[in-house]
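> Sequence below, structure please.
(one chain, ligands or ions: 2)
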Amino acid sequence: MNTDPPLPDKKGAAEDKSVAQAVDWSDFRDHIATADKSGRRKWIYPRQVNGRFFRWRTWFSWLLLAIMFGGPFVTINGNPLLLLNIPERKFVVLGQIFWPQDMIIFAVALLVFLVGIIIFTTVFGRLWCGWACPQTVMMEMVFRKIEYAIEGDAPSQRALNAAPWTVGKTFKKLLKHGIFFGLSFVVGNVLLSYIIGWRELYQIVTEPPAKHLAGLGFMAAFSLLFYGIFARFREQACTFICPYGRHQSVLVDENTILVAYDHTRGEKRGPIRHEQKFTERWQTGQGDCVACNMCVAVCPTGIDIRNGVQMECVQCTACIDACDNVMDKIGAPRGLIRYASLNGIERREPLRFTPRLAGYCVVMAVLGVVLGLMLFLRSDVEATVLRAPGSMFQQMPDGHFSNLYTVRVVNKTSREMPVELRLENPAGSLNVMGTGSIVVAPQKLSENSVLIELDPAAMKSGATPLVIGVYSSGKKLQTLKTAFIGPRN
Ligand code: SF4
Ligand code: SF4
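Numbers count the residues shown, from 1 in each chain. Ligands and ions are numbered 1, 2, ... in the order given. Below is the predicted model:
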């Protein structure tokens, strides 16, 4: 018995503004395809698909999977291909190490990336989602295929889930979820190795667990997270969580190329009679869509592409293949569902370079030049100077005053770098405490205590501006400025 309070109808809702608008279940834009009227999840059983796009996507996904799983082991000049070590604030992209001091470069790179995404999406829609997104690749090309191999195609899966628990069903479910969890563990570890590096990961796996409790915790959390996503959450991740998917509606326009149903050719849809000719159908006002629903049956997000552009569509091309197969069977040309823009379908217009696109390209070009310049001018060494915390100025027996500083030097190159500090203004002495000189190991940070002494004659009352030159092999790399604290007159 339904104990839910009755939903207000649209008329009632219009009269009473305090009531949320009732859902119009006949309008596909009023609700999502994966929830029923009580808000419960409707499990999607997409049918297996075959066709040229599926074949191309399969080959492409093998390439992407090889890159994704092999990436942590690839090094360039001894550095990883990609490392996003957030805890240590160390980032490596294509073998280039970026330090916290490079954050401004990172921020501009992020802007270039975002504008690039906007341009790409404006032209090609969610091509990324369907072909290259790790979620789609793993879900459709790995986990879904394992599910088909163990439980069969959609009708068998439906029947299995509805059937009572038997030894056979228990075995299949345990096998499937065991493999799913094992794979999720691998995926979680790959993600972890992009954060901490595969060597650290290896240590976590091989050393006593007590030494790596945090690492093991993340390993377990990532494994459970991916198992949850691929075993249960599935298409909901694209519909509800992914910010890229949520922004589609503001990025696409009538010139964007999308997986689209050609309604001018397909409508009015209706079943085809045995041996009915298409010319006969056209004469009676019918279109090429034979209402077989195969495009809906294969859709992993459960939508009907014939309703038009929808937020849930990840542009996976499964409906193109399904419909092409139907067209082949009934002797009609392929492409009733195809990559096309709305203007391409309705007005037969080719892709246009719109003013909006031109604007994005200009912004992209400017940001690209700025980023290029920043990378070109990025120095090999980054030094900072700070007065040593808690230290006071001292007067020496010879009457000179001294201040203690901490100089941090980051070596961004992959070679050892000798660094010399020279006090350039005013005249005085500068001594690196301890070693007397600075040599920074490749890709490392060196922290040094530096004592500066000034003659009282060169000092101003209170604070005296200091200029320190940072040199390597006689070449000036940077100028540091700080203040020398002394007595007030
Ligand atoms: S697969 Fe093609 S013919 Fe069949 S319902 Fe979908 S659009 Fe129509
Ligand atoms: S509508 Fe077509 S392209 Fe979009 S998600 Fe469904 S099957 Fe994939």
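> quick one: residue 341 and residue 252 touch, right?
No: between residue 341 and residue 252 there is no contact under Cβ atoms under 8 Å: 9.2 Å. Using the backbone N, CA and C atoms, a C-beta is placed for each residue, glycine as well.
> quick one: common contacting residues for these two?
residue 258 (Cβ atoms under 8 Å, 6 or more residues apart in numbering).
> Which of the helices or strands spans the closest residue to residue 317 other than its chain neighbours?
Spatial nearest neighbour of residue 317, excluding adjacent residues (Cβ to Cβ, 6 or more residues apart in numbering): residue 53 at 3.9 Å. Applying DSSP states H and E as the criterion places residue 53 in helix 52-70.
> Please give the centre-to-centre distance between that helix and its chain.
18 Å (Cα atoms, centre = their mean, to the nearest Å).
> Could you find the closest non-adjacent residue to the residue sitting nearest the centre point of the chain?
When Cα atoms, centre = their mean is applied to the chain, the residue found nearest the centroid is residue 133 (8.1 Å). Spatial nearest neighbour of residue 133, excluding adjacent residues (Cβ to Cβ, 6+ apart): residue 314 at 7.6 Å.
> ok, that neighbour - contacts?
126, 129, 130, 133, 136, 235, 238, 245, 300, 301.
> which residues of the protein score low on pLDDT?
For the chain, residues meeting the criterion pLDDT under 70 lie at 1-20.
> those strands in the stretch 51-200 of the chain, which residues are they?
Ranges of strands within the stretch 51-200 of the chain are 75-76, 79-80, 82-85, 90-93, 96-98, based on DSSP state E, counting those that start in this stretch.
> Of these, which is nearest residue 331?
Closest to residue 331 of the strands of the stretch 51-200 of the chain is strand 82-85 (Cβ to Cβ; 49.5 Å).
> which among the contacts of residue 314 end up buried?
Neighbour-count burial (16 or more other Cβ atoms under 10 Å) applied to the contacts of residue 314 gives 126, 129, 130, 133, 136, 235, 238, 245, 300, 301.
> So which of those is the closest to ligand 2?
Each of the buried ones among the contacts of residue 314 was checked against ligand 2 using Cβ to the nearest ligand atom; the closest is residue 301, at 4.6 Å.
> Can you classify the closest one as helix, strand or coil?
coil (DSSP: H, G, I helix; E, B strand; the rest coil).
> residue contacts, it?
Applying Cβ under 8 Å, 6+ apart, the residues near residue 301 are 33, 34, 44, 235, 238, 239, 312, 313, 314.
> Just the ones in helices from those, please.
Judged by DSSP state H, those include residue 235 as members of helices.
> could you check the distance from the residue of the stretch 151-300 of the chain found nearest ligand 2 over to residue 344?
Across the stretch 151-300 of the chain, the shortest distance to ligand 2 (Cβ to the nearest ligand atom) belongs to residue 299, at 3.3 Å. Using Cβ to Cβ, to the nearest Å, residue 299 is found at 22 Å from residue 344.
> swap in residue 85?
45 Å.
> Around ligand 1, pick out the residues from the stretch 251-400 of the chain.
Contacts of the stretch 251-400 of the chain with ligand 1, taken as Cβ under 6 Å from any ligand atom, map to 261, 266, 269, 289-295, 306, 322-323, 326, 336-337.
> Just the buried ones out of those, please.
Buried by 16+ other Cβ under 10 Å: 261, 266, 269, 289-290, 292, 294-295, 306, 322-323, 326, 336-337, out of those.
> which residue packs closest to the residue in the stretch 51-200 of the chain that ligand 1 sits nearest to, ignoring adjacent ones?
Here the stretch 51-200 of the chain gets closest to ligand 1 at one residue, residue 51, 11.4 Å apart by Cβ to the nearest ligand atom. Leaving out its chain neighbours, the residue that sits closest to residue 51 by Cβ to Cβ, 6+ apart is residue 321, at 2.6 Å.
> which residues sit in contact with that neighbour?
Applying Cβ under 8 Å, 6+ apart to residue 321 gives the contacts 49, 50, 51, 52, 53, 54, 298.
> Now for the fifth one: which residues touch it?
Think residue 53. 317, 318, 320, 321.
> Just the buried ones from the contacts of residue 321?
Using 16+ other Cβ under 10 Å, the buried ones in the contacts of residue 321 are 49, 51, 53, 54, 298.
> biggest separation within those, which pair?
So, the buried ones among the contacts of residue 321 by Cβ to Cβ: farthest apart are 53 and 298, at 11.2 Å.
> Need the overlap of contacts for these two.
318, 321.
> before we move on, the earlier item: what's the residue nearest to residue 133 sitting at in phi/psi?
Here is the backbone geometry of residue 314 (degrees, to the nearest 10): phi -100, psi 10.
> near ligand 2, which residues of the stretch 301-450 of the chain?
So far as Cβ under 6 Å from any ligand atom goes, the stretch 301-450 of the chain lies against ligand 2 at 301, 303, 305, 313, 314, 315, 316, 317, 318, 319.
> surely the second one meets residue 313?
Just to be clear, that refers to residue 303. Yes: look at residue 303 against residue 313 with Cβ under 8 Å: they come within range, at 6.1 Å.
> wait, is residue 274 part of a helix?
No: assigned with three-state DSSP, residue 274 falls outside any helix and is coil.
> Can you name the residues that contact it?
By Cβ under 8 Å, 6+ apart, residue 274 has no neighbours at all.
> Among the buried ones among the contacts of residue 314, which one lies nearest to residue 407?
residue 133 (45.3 Å).
> how about the closest one, phi and psi?
phi -60, psi 130.
> what's the farthest-apart pair in the residues of the stretch 251-400 of the chain next to ligand 1?
The span of those, defined through Cβ to Cβ, is set by 269 and 322 at 14.9 Å.
> so who does the residue of the stretch 151-300 of the chain closest to ligand 2 touch?
Residue 299 makes contact with 44, 46, 305, 316, 318, 319 under the criterion Cβ under 8 Å, 6+ apart.
> Around the nearest residue in space to residue 247 that is not next to it in sequence, how many other residues sit close by?
Distance criterion Cβ to Cβ, 6+ apart; nearest residue to residue 247, sequence neighbours excluded, is residue 121 at 7.9 Å. Taking other Cβ atoms under 10 Å as the neighbour definition, residue 121 ends up with a count of 21.
> Would you reformat the buried ones among the contacts of residue 314 as CSV and include distance to residue 404?
Below are these laid out as CSV (distance: Cβ to Cβ, whole Å):
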residue, distance to residue 404
126, 58
129, 56
130, 60
133, 53
136, 57
235, 61
238, 57
245, 55
300, 64
301, 64
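> Closest one to residue 160 out of those, please.
Using Cβ to Cβ, those come closest to residue 160 at residue 300, 18.5 Å.
> could you pull out the helices for the stretch 151-300 of the chain?
154-162, 167-196, 198-206, 213-228, 235-236, 243-246, 248-251, 263-266, 278-283, 294-297 (DSSP state H, counting those that start in this stretch).
> The stretch 301-450 of the chain now?
Assigned by DSSP H, counting those that start in this stretch, the stretch 301-450 of the chain shows helices spanning 318-330, 342-346, 355-377.
> Show me which parts of the longest one are buried, residue by residue.
In terms of neighbour count (16+ other Cβ under 10 Å), helix 355-377 has its buried residues at 357, 360, 364, 367, 371.
> Using CSV, list the CA coordinates for it.
As requested, the backbone C-alpha atoms of helix 355-377 are provided in CSV (Å, rounded to 0.1, in the frame of the first residue of the first chain):
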residue,chain,number,x,y,z
PRO,A,355,31.4,34.5,-32.7
ARG,A,356,31.2,32.7,-29.3
LEU,A,357,33.7,30.2,-30.5
ALA,A,358,35.9,33.0,-31.9
GLY,A,359,35.8,34.7,-28.4
TYR,A,360,36.8,31.5,-26.6
CYS,A,361,39.7,31.0,-29.1
VAL,A,362,41.0,34.6,-28.5
VAL,A,363,40.9,34.0,-24.7
MET,A,364,42.6,30.6,-25.2
ALA,A,365,45.4,32.2,-27.4
VAL,A,366,46.1,34.9,-24.9
LEU,A,367,46.3,32.5,-22.0
GLY,A,368,48.4,30.1,-24.0
VAL,A,369,50.9,32.9,-24.8
VAL,A,370,51.0,33.9,-21.1
LEU,A,371,51.6,30.3,-20.0
GLY,A,372,54.3,29.8,-22.7
LEU,A,373,56.1,33.0,-21.5
MET,A,374,55.9,31.9,-17.8
LEU,A,375,57.3,28.5,-18.6
PHE,A,376,60.0,30.0,-20.8
LEU,A,377,61.0,32.5,-18.1
